[in-house]
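this is a predicted model, with the sequence first.
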Number of protein chains: 2
Amino acid sequence: MADPGRYSYDKLERVIHEKARLGIVVSLAAHPEGLLFNDLKDLCTLTDGNLSRHLQVLEESHFIEMWKGAKKGRSQTLVRLTDSGRTRLMDYLAELDRVVADAAKAVGQMGKLRVSTT
Amino acid sequence: MADPGRYSYDKLERVIHEKARLGIVVSLAAHPEGLLFNDLKDLCTLTDGNLSRHLQVLEESHFIEMWKGAKKGRSQTLVRLTDSGRTRLMDYLAELDRVVADAAKAVGQMGKLRVSTT
């Protein structure tokens, strides 16, 4: 075989490749000021339990930080992407873009795909 | 919240979102004639056991088909992407491209990302 490991995509970091967590980090990247737990839940269509579980994994991996506080008299949790989380997301995205490019080229529909999604 | 479900990415089909299986289907998409088990193993840097397990999942989901045969006197397995597998891969890719576009826009590095990976 000419190119061993050509499709191993080692840089797809598992922590954020998981579908729900990918949605979480992308939505946080789009909101640098942070998002409240409940807004994040709606944006990603997750239950309380699921979102809590995924946030715990992301916090343990230092992708995000959580801040306890209050808004309109109710206790709230603010979630933000860390600086290193942002950097690691970019590395992940570069690899993901390579997957899309590889696959789009392979299926011979690159132009079509790119046009339809931008 | 303005846009519930905006980052839920429902079309990221779980069967092929899994990192190893994503590598397998992309490499098969790049080789329409099919790939031998051992070549696929090298291209994706997987062990025999892991590749077997992932191929079983992909076959049960009708993404791939497997053919038993012989080459140079040795029994071999040829693996090919099915037509429906190819179509579903394209749907998945369109969604994945949306993730990349969302995230790249969010981190404000879209141009840089695209240039660095194409």
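That came through, no problem. Numbers count the residues shown, from 1 in each chain, chains lettered A, B, ... in the order given.

wait, a helix at residue A:68?
No. Counting by DSSP: H, G, I helix; E, B strand; the rest coil, residue A:68 falls outside a helix, being strand.

helix or strand with the lowest mean pLDDT in chain A?
helix A:110-117 (a mean of 42; mean pLDDT, DSSP states H and E).

what sits against residue A:44?
The contact partners of residue A:44, by CB atoms under 8 Å, 6 or more residues apart in numbering or on different chains, come to A:20, A:23, A:24, A:27, A:51, B:5, B:7, B:8. Heads up, the C-betas are built off the backbone N, CA and C, glycines and all.

out of those residues, grab the one that's most surrounded.
Within the contacts of residue A:44, neighbour counts (other CB atoms under 10 Å in any protein chain shown) peak at residue A:24, which reaches 28 neighbours.

secondary structure element for that one?
Per DSSP states H and E, residue A:24 falls inside helix A:19-29.

spit out the contact partners of the spatially most central residue of chain A.
Per CA atoms, centre = their mean, the C-alpha nearest to the average position across chain A is that of residue A:22, at 2.7 Å. If a contact means CB under 8 Å, 6+ apart, then residue A:22 has A:16, B:9, B:12, B:99 as its contacts.

tabulate those (TSV), appending neighbour count.
Compiled in TSV, the contacts of residue A:22 are given as follows (neighbours: other CB atoms under 10 Å in any protein chain shown):
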residue	neighbour count
A:16	24
B:9	20
B:12	18
B:99	22
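
show me what the top helix by length along chain A is packed against.
If you go by DSSP state H, chain A has its longest helix at helix A:83-106. If contacts are counted by 3 or more CB pairs under 8 Å, 6 or more residues apart in numbering or on different chains; DSSP states H and E, helix A:83-106 sits against helix A:14-17, helix A:19-29, helix A:110-117, helix B:19-29, helix B:83-106, helix B:110-117.

compute the inter-axis angle for that helix and helix A:19-29.
Per axes from the mean of the first three to the mean of the last three CA atoms, to 10 degrees, the angle that helix A:83-106 makes with helix A:19-29 is 120 degrees.
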